[in-house]
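Colleague: Here's my sequence, what's the structure:
(one chain, ligands or ions: 1)
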Amino acid sequence: MQDVDYARYDRIRAVTWTGQSLRLIDQRLLPMQQLWTTCSTAAEVAAAIQNLTVRGAPAIGISAAYGVVLAAQAAAGADGVVSAAALAEPIATLAASRPTAVNLFWALARMQRVLGSAASVARLEEEAVAIEREDLAANRHMGQLGASLIAKGSGVLTHCNTGSLATAGFGTALGVIRAAYAEGRVAAVFNTETRPWGQGTRLTAWELLEDGIPAKLIADSAAAHLMKTGQVQWVIVGADRIARNGDTANKIGTYQLAIAARHHGVKFMVVAPSSTVDLSMASGEHIEIELREARELLEAGGQRIAANGVQTWNPVFDVTPGALIDAIITEQGVFKAPFFA
Ligand SMILES: CSC[C@@H](O)[C@@H](O)C(=O)COP(=O)(O)O
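Modeller: I've put the predicted structure just below:
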């Protein structure tokens, strides 16, 4: 096994905690502009999650945890202690920012457990830092676990953005691709555009380029043809919420990739920290799917491209049945059906 040069992948950071504020690279502007925005309140963090300044399930959870710390700093007494009552509203605002990624609710619940009826700001900050550190460690471990499943010379396809920008660093599905590439297992990397918002075009293609990993961007609609031509042996994706039976909510388009993969004998891997596994859900049937604004479909590069009056339906996640998934990797191991049931 080849050692992975993690420092190489740590140059891009989505989320930076300064002690008094949260600095976020504005993912809406990448890759054309690298600008950071500073959040000083929980409401600003919630807005940044809602408007996709920061996105990706683990990065959303980490940001929300720091949002709680910002609210605690603002509400604490001279003794540095804050009450649960004082944080109820900011926590509710953070929880309302996006519905699908369970990491948001998981991180808030973890902060609330530490908060109890009252806690020191220092203890809350310690917990948020731990959430971030544990995510990075989980990603590095999942990278090794996932890479070990990939035979030398394989082609891989990934969807959406699951790299440093979506996590505390290194990434989930992209972490597996990075580790597998470092180990000399990967012969070709393809990534989808991921319409309508374009996480693949804007973010994953850029991360791979920065890594120096040779990769090709494909249209979402080219994926089945790519599989048919025998160029990929694995589809590797992240997740926003995984039910006990392995049903996996992830970026819209993941489900059709899984169907095409099964048809062509291509294996399908989901990579996500255990914070993405929602043990309260027996299946994916009840996962709330976020609907986003029509503009994402009606415009390209800020220009209107659809006729005035066109109506839209824009679900931004879908649920892939566990039956179409060959392996789910968490930091706790490699899971096969029946997964967590
Ligand atoms: C490690 S990120 C996993 C998922 O969060 C990712 O694939 C995804 O669907 C992100 O959606 P987004 O709408 O960009 O937040």
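Colleague: Asp326 is in contact with Met269, isn't it?
Modeller: Yes: using Cβ atoms under 8 Å as the test, Asp326 is close enough to Met269 to be in contact (6.4 Å). Where you see a C-beta, it was placed from the backbone N, CA and C, and this is true even at glycine.
Colleague: which of the two has more neighbours?
Modeller: Met269 (22 against 18; other Cβ atoms under 10 Å).
Colleague: Bridge partners for that one, pull those for me.
Modeller: With DSSP bridges applied, Met269 shows beta-bridge pairing to Ile236, Ala327.
Colleague: Distance check, it against the ligand.
Modeller: Distance check for Met269 against the ligand: by Cβ to the nearest ligand atom, to the nearest Å, it reads 13 Å.
Colleague: Give me the pLDDT value at that residue.
Modeller: Model confidence at Met269, given as pLDDT, is 99.
Colleague: next one: Gly309
Modeller: Here, the pLDDT recorded for Gly309 equals 97.
Colleague: SS state for it?
Modeller: The three-state label given to Gly309 by DSSP: H, G, I helix; E, B strand; the rest coil is coil.
Colleague: That one - how many residues pack around it?
Modeller: For Gly309, the neighbour count with other Cβ under 10 Å is 5.
Colleague: swap in Ala14?
Modeller: If we define neighbours as other Cβ under 10 Å, then Ala14 has 26 of them.
Colleague: Isn't it up against Thr167?
Modeller: Yes: checked against Cβ under 8 Å, the pair Ala14 and Thr167 is within contact range at 7.3 Å.
Colleague: tell me the pLDDT at the nearest residue to Ser164 once chain neighbours are set aside?
Modeller: Here the nearest residue to Ser164 in space, its sequence neighbours aside, is Ile12; by Cβ to Cβ, 6 or more residues apart in numbering that works out to 4.3 Å. Listed pLDDT for Ile12 reads 89.
Colleague: Could you check how far Ile12 is from the ligand?
Modeller: When Cβ to the nearest ligand atom is the yardstick, Ile12 and the ligand sit 14 Å from each other.
Colleague: is it true that that residue lies in a helix?
Modeller: No: secondary structure assignment (three-state DSSP) places Ile12 in coil, not in a helix.
Colleague: Can you give me the neighbour number for it?
Modeller: Using other Cβ under 10 Å, the number of residues around Ile12 comes to 19.
Colleague: Pull up the overlap in contacts between Ala14 and Thr167.
Modeller: Any residue near both Ala14 and Thr167 by Cβ atoms under 8 Å, 6 or more residues apart in numbering counts here, and that gives Gly56, Ala59.
Colleague: was I right about the residue nearest to Ser164 contacting Thr167?
Modeller: No: with contact defined as Cβ under 8 Å, Ile12 does not count as touching Thr167 (10.5 Å).
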